[in-house]
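Participant: Here is a sequence together with a model predicted from it:
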Amino acid sequence: MHSRTETIAAAATPPGPSALGVVRLSGPDSIKIADTLFRTRKSARKPSELPSRTCHVGSIVDSGEIIDSAVICTMKAPLSYTGEDMVELSCHGSMLIISRLLQLCRLAGAAYAEPGEFTKRAFLNGKMDLTQAEAVNSLIRARTEGARKQAISLISGDMSRAIEKIRDMLEETKGLVDADIEWGEEQKIEFIEQNGASVRLKKIICETDRLVEQSYPAESAIEGYRVVICGLPNAGKSSLFNSLLKLSRSITSRIPGTTRDVIESETVIDGCLVRFVDTAGIGLESSKEIDKISAYRSIDAIKSADLAVYVIDGSSGIGKKDYEIRDKLEGVNWIAVVNKTDLKPKIDNNTLKDFCAGKEKVSVSCKRKRGISKLAKYIIKELGAGYAGRLMVSARQKDLLEKLSGSFESAAAEIENGRSELISFELGCALDILGKIDGKVIEENILDRVFENFCIGK
Ligand SMILES: Nc1nc2c(ncn2[C@@H]2O[C@H](COP(=O)(O)OP(=O)(O)OP(=O)(O)O)[C@@H](O)[C@H]2O)c(=O)[nH]1
Ligand SMILES: [Mg+2]
């Protein structure tokens, strides 16, 4: 990325014909650069002559030629998104105009911005912490109301406040331990001996555990949870897939082996994006190569599932082959669905209980559309994908939260041993991890990784 003394420019709107196209500049020369290419319509004023944070209609000009009409807004530091001098130009959304405008910015001294560079500057200038910056990207990528709400709650600082609370408690405790190291003998603080450190650490662990419990991965929320429907041929997998999607997506027929490929389609359930995957039946008595390939693909799909839904034909019963497939679900989160409940049942409760081995089971009839919405809600619950009272965290944050819990374990062990210096060291490590979560501790390679996933212009 560029140094912050450089001024950057980028299109903030996607390429392609549209009503408006926005180009933004950020950095010390933003307004000076805008002066070279913009004049207001009536009074031909330069951007530097306009009051900050006001909008003005005018023209983009290149050597006397009018390129387009545009609205300009200049924002003087620090009152801007990045905290630097900024200019936003809204012109017509034509690729020709936008690229010409960017060229003019470049000729006047701006560098083309890299992905996320505006938000990175906002972070570096203290406009937001790293949890908020990451949430900006989640907000842009959110495709469901649930994910949008979560991203907004993070941008407004829900995660930042939770981290700050743990930091306050940790700093206070470390302060007491350090005082104990320095003054303990003389002033008889005996903080550690009086159990003070361990009581405080328990409270901190409690607070952290709550945060870990509340958190769920942003990637699944944004890209969709993968729910793979599997089972024996003809169990009604494709019928269930279609019923859950409320769409006739897969072909269904009474001939076993109808589905050959892995078929995916997404839907939104209770504000959560779910990607359902229909698979070929496993265990088809066939020597054909194509059927073997289908079965391999089904098994592969199961391995990548956030949740597997094992469909049982309730009118056929549970047999040896069902158990063989169940064994392939080892290590995968799965539930059982008994389908075709409109027909005479052939499964007794004990067999079903034994097959499910503690896993949940739901009964449906795809033909009569019975039990489908209950199953959909159940899937959301099983995925842990509900949004109420929860925090969407990036893989990076989740990893650090787990490390934080680990460092508390080490601190607790040192409290047991009564070694103040080591307690203080472990608490310091925990503070360091907290700092990496919200960006109080800056590591350039981490920042690069966070911002490289952003779009250009954000
Ligand atoms: N009576 C009844 N029939 C059902 C129900 N669900 C599916 N079927 C029928 O069962 C047959 C198989 O359904 P599919 O959905 O194609 O089954 P599948 O598991 O995808 O089958 P393959 O792709 O061949 O593995 C079709 O004739 C469906 O109409 C149900 O709830 N009740
Ligand atoms: Mg099928």
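Facilitator: Nice, I can see it. Residues are numbered from 1 along each chain as shown. Ligands and ions are numbered 1, 2, ... in the order given.

Participant: Mean confidence (pLDDT) on the lengthiest helix in the chain, please.
Facilitator: Counting by DSSP state H, the longest helix found in the chain is helix 158-183. The average pLDDT for helix 158-183 rounds to 90.

Participant: Quick one: list the elements packing against it.
Facilitator: If contacts are counted by 3 or more Cβ pairs under 8 Å, 6 or more residues apart in numbering; DSSP states H and E, helix 158-183 sits against helix 130-141, helix 196-214, strand 391-393, helix 420-438. The C-beta positions use only the backbone N, C-alpha and C, and glycine is treated the same way.

Participant: Could you point out which residue ranges in the stretch 101-250 of the chain have low pLDDT?
Facilitator: Regions of the stretch 101-250 of the chain meeting the criterion pLDDT under 70 cover residues 184-195.

Participant: cool, and the stretch 301-450 of the chain?
Facilitator: Scanning the stretch 301-450 of the chain for pLDDT under 70 picks out 386-388.

Participant: where exactly do the strands run in it?
Facilitator: Here the stretch 301-450 of the chain has its strands, by DSSP state E, counting those that start in this stretch, at 307-313, 334-339, 361-363, 391-393.

Participant: ok so, going back, right, and the helices and strands packed on helix 158-183 - which one's nearest F408?
Facilitator: F408 lies closest, by Cβ to Cβ, to one member of those: helix 196-214, at 5.1 Å.

Participant: Hey, what's the angle from the closest one to helix 420-438? Just curious.
Facilitator: Between helix 196-214 and helix 420-438, the angle comes out at 20 degrees (axes from the mean of the first three to the mean of the last three Cα atoms, to 10 degrees).

Participant: Can you check what angle separates helix 196-214 from helix 158-183?
Facilitator: Relative orientation of helix 196-214 versus helix 158-183 (the same axes, to 10 degrees): 160 degrees.

Participant: buried residues in helix 196-214?
Facilitator: Within helix 196-214, the residues that qualify as buried by neighbour count (16 or more other Cβ atoms under 10 Å) are 196-197, 200-201, 204-205, 208, 211.

Participant: Dump those into CSV; add distance to ligand 2 as well.
Facilitator: Output for those, formatted as CSV (distance: Cβ to the ion, whole Å):
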residue, distance to ligand 2
G196, 63
A197, 60
R200, 58
L201, 54
I204, 51
I205, 48
T208, 45
L211, 42
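
Participant: just the CA coordinates of stretch 111-123, formatted as PDB?
Facilitator: Provided in PDB are the C-alpha atoms of stretch 111-123 (Å, rounded to 0.1, in the frame of the first residue of the first chain):
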ATOM      1  CA  ALA A 111      -1.800   7.100  -7.000                       C
ATOM      2  CA  TYR A 112      -4.400   4.500  -7.800                       C
ATOM      3  CA  ALA A 113      -5.700   3.100  -4.500                       C
ATOM      4  CA  GLU A 114      -5.300  -0.500  -3.500                       C
ATOM      5  CA  PRO A 115      -8.200  -2.700  -2.200                       C
ATOM      6  CA  GLY A 116      -9.400  -1.400   1.200                       C
ATOM      7  CA  GLU A 117      -6.800   1.500   1.300                       C
ATOM      8  CA  PHE A 118      -9.400   4.100   2.300                       C
ATOM      9  CA  THR A 119     -10.700   2.000   5.200                       C
ATOM     10  CA  LYS A 120      -7.100   1.100   6.100                       C
ATOM     11  CA  ARG A 121      -6.300   4.800   6.400                       C
ATOM     12  CA  ALA A 122      -9.500   5.400   8.400                       C
ATOM     13  CA  PHE A 123      -8.200   2.700  10.800                       C
END
